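Participant: The following comprises the amino acid sequence and a computationally predicted model.
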Amino acid sequence: MSREDGESIDEEQLDSVAEPINEHWAEQMGEDARPYVEPIWHGSILPALKVNALAENWTAEQFRERCIRALRATVDLFYALHINAGSNYTKENEKPRYYWAHQKFNILSANDATRGMSIQKDEMLRVAAEYLSHPEIRTNKFDWLLLDAIVFAELDAFSYHVSGFAATFANGNPAKYFALSALFKVIGFALGYLLLPAIAYFAFSRGQETTGWSIAGLWVVSVVWSLIGLPFRWGARRKKKELLNQMLDLYRVLGDSTISPRLLKGALDKAAAEGVVLDGAVFSIVDRIITRDATAFVPSRIG
């Protein structure tokens with residue numbers, strides 16, 4: 001990168017520029033955010049900016065401006081991932097416990113606030129758009145944070161949508177889930193196939209033959225209609241399962257300590273081809289990763 005003004009900065013000057021910025025933001029951040037933001041900032045984001053500043057001959061003013069922008073993005077992303085942070089109404093077991101971590105997916109825990117996160121999708125995507133509009137603050141860690149969080153948010157929302165009432169009431173308990181699933185199926189069968197015949201029988205036994213035959217006819221129509229719609233329901237369930245599996249495959253790739261950009265791109269393209277809808281920020285970040293290094297992407301690498 002060419003120098004815009006002034007002289008390029010050395011390592012000692014980097015520290016002197018960063019110090020007042022760090023102190024200012026430490027005062028601005030509340031206790032709900034600082035314990036989680038500072039390790040990410042000082043351990044990954046700031047060191048990466050320093051490396052880039054030295055490698056690309058940034059000026060002190062460029063470094064200062066980019067530090068402020070990157071730190072603001074780091075703080076904003078934290079609050080997007082933990083929208084309930086700092087709220088007086090947040091339960092103790094729902095408060096943030098980390099900045100972000102790759103999640104062990106469990107469909108029974110979808111949308112569970114006790115996992116230590118409460119994602120505000122629109123705000124997260126706003127942060128992603130702002131970050132992408134300033135490529136000079138790009139870092140491996142922030143690329144990964146956005147990719148992992150955006151994909152997980154979509155996976156979590158979709159799995160919650162398809163999991164059904166049994167998963168909602170099971171509260172993450174597998175035994176309770178299977179018991180409730182069986183119970184709901186029995187209830188559904190009884191309501192769909194036994195209730196109307198029972199009412200028709202009761203009407204016949206009371207001498208209400210017209211009513212009985214009407215109810216019996218209604219039952220026949222409902223059964224025939226149910227059988228006609230069976231292939232469509234099976235197809236819809238199969239499609240939902242395929243989409244869920246594609247999203248899971250994509251998310252698993254992001255859990256590796258060393259990620260193959262081509263494998264990631266392949267999983268992303270396959271998911272999109274199957275109908276998975278992801279924000280354009282995901283594709284932009286992956287394309288940028290491949291442009292930089294198509295052989296390996298290491299989120300923990302400083303740079």
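Facilitator: Yes, it's here.
Participant: In contact with residue 299, which residues?
Facilitator: 140, 141, 143, 144, 257, 259 (CB atoms under 8 Å, 6 or more residues apart in numbering). For the C-beta atoms, the positions are set from N, CA and C on the backbone; glycine is no exception.
Participant: Kindly recompute the last result at 7 Å.
Facilitator: By CB atoms under 7 Å, 6 or more residues apart in numbering, the contact list for residue 299 reads 140, 141, 144.
Participant: In a markdown table: the residues you listed, plus secondary structure.
Facilitator: Below are the contacts of residue 299 laid out as a markdown table (DSSP: H, G, I helix; E, B strand; the rest coil):
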| residue | secondary structure |
| --- | --- |
| 140 | helix |
| 141 | helix |
| 144 | helix |
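Participant: Buried subset of the residues you listed, written for ChimeraX?
Facilitator: Filtering those down to the buried ones (16 or more other CB atoms under 10 Å) takes a single ChimeraX command:
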select :140,141,144
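Participant: now the contacts of residue 299 as JSON lines including pLDDT?
Facilitator: Supplementary listing: the contacts of residue 299 in JSON lines, determined by pLDDT from 0 to 100:
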{"residue": "140", "pLDDT": "97"}
{"residue": "141", "pLDDT": "98"}
{"residue": "144", "pLDDT": "98"}
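Participant: list the contacts for the nearest residue to residue 275 once chain neighbours are set aside?
Facilitator: Excluding the flanking residues, the one nearest residue 275 by CB to CB, 6 or more residues apart in numbering is residue 243, at 5.9 Å. Applying CB under 7 Å, 6+ apart, we find residue 243 in contact with 158, 274, 275, 276.
Participant: Of the residues you listed, which is the nearest to residue 132?
Facilitator: residue 276 (20.3 Å; CB to CB).
Participant: Just confirm the closest one contacts residue 246, I think it does.
Facilitator: Yes - contact status for residue 276 versus residue 246: in contact at 5.4 Å, counting by CB atoms under 7 Å.
Participant: Could you point out the helix or strand that follows the helix or strand of the chain with the lowest mean pLDDT?
Facilitator: In the chain, no helix or strand scores lower on mean pLDDT, DSSP states H and E than helix 174-189, which sits at a mean of 70. As assigned by DSSP states H and E, the chain's next helix or strand after helix 174-189 is helix 195-205.
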